[in-house]
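Asker: Any chance you can model this:
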Amino acid sequence: MADLKSFAEQLVNLTVKEVNELAQILKDEYGIEPAAAAVVAGPAAGGDAPAAAAEKTSFDVILKEAGGAKLAVVKLVKDLTGLGLKEAKDLVDGAPKELKTGVAKDEAEALKKQLEEAGAVVEIK
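Answerer: Numbering: from 1, shown residues only. Below you'll find the predicted structure:
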């Protein structure tokens, strides 16, 4: 039991980049699609969903437009999401698009700040 608690603590403390790397490993080595992993993890993490909805603890980061420095924004999106260069470019070209969903307020604000410094227009919902 102690090993599972330690493992759970390690998962909770992963950075965004580490979570993206984990999702890629699960997909490549075990055939588990990241979207399926999010669906499985969603209900387990949200056992108190009505209370969480009332306080608004998860936010969506939406890239509204790339701005003038599109290349810098594409590179930053690639780094922040763990996407490949083509996927990051497609996401930026398709703006407005959701960049991250269900993130904590602090993480959403940090992402917004980084993207705005690169020249992008970002919205948090």
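Asker: Show me what the residue positioned nearest the centre of the chain is bridged to.
Answerer: Centroid-nearest residue in the chain: Lys100, 3.8 Å away (criterion: CA atoms, centre = their mean). Judged by DSSP bridges, the bridge partners of Lys100 are Val61.
Asker: What is the burial count for Lys17?
Answerer: By other CB atoms under 10 Å, 12 other residues sit near Lys17. C-beta: built from backbone N, CA, C; applies to glycine.
Asker: can you tell me the helix or strand for it?
Answerer: helix 16-30 (DSSP states H and E).
Asker: and that helix, which residues are buried?
Answerer: Val16, Asn20, Ala23 (16 or more other CB atoms under 10 Å).
Asker: Show residues contacting that helix.
Answerer: Outside helix 16-30, the residues within contact range by CB atoms under 8 Å, 6 or more residues apart in numbering are 14, 32-34, 37, 79-83, 100, 103, 107.
Asker: Show me which of the residues you listed are buried.
Answerer: Ala37, Leu80, Thr81, Gly82, Leu83, Lys100, Val103.
Asker: could those go into TSV alongside secondary structure and distance to Thr57?
Answerer: Formatted as TSV, the buried ones among the contacts of helix 16-30 follow (DSSP: H, G, I helix; E, B strand; the rest coil; distance: CB to CB, whole Å):
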residue	secondary structure	distance to Thr57
Ala37	helix	20
Leu80	helix	20
Thr81	helix	21
Gly82	coil	23
Leu83	coil	25
Lys100	strand	14
Val103	strand	10
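Asker: Report the two of the residues you listed separated the most.
Answerer: The span of the buried ones among the contacts of helix 16-30, defined through CB to CB, is set by Ala37 and Leu80 at 18.6 Å.
Asker: show me what contacts Ile32?
Answerer: Ile32 sits next to Leu26 when contact means CB under 8 Å, 6+ apart.
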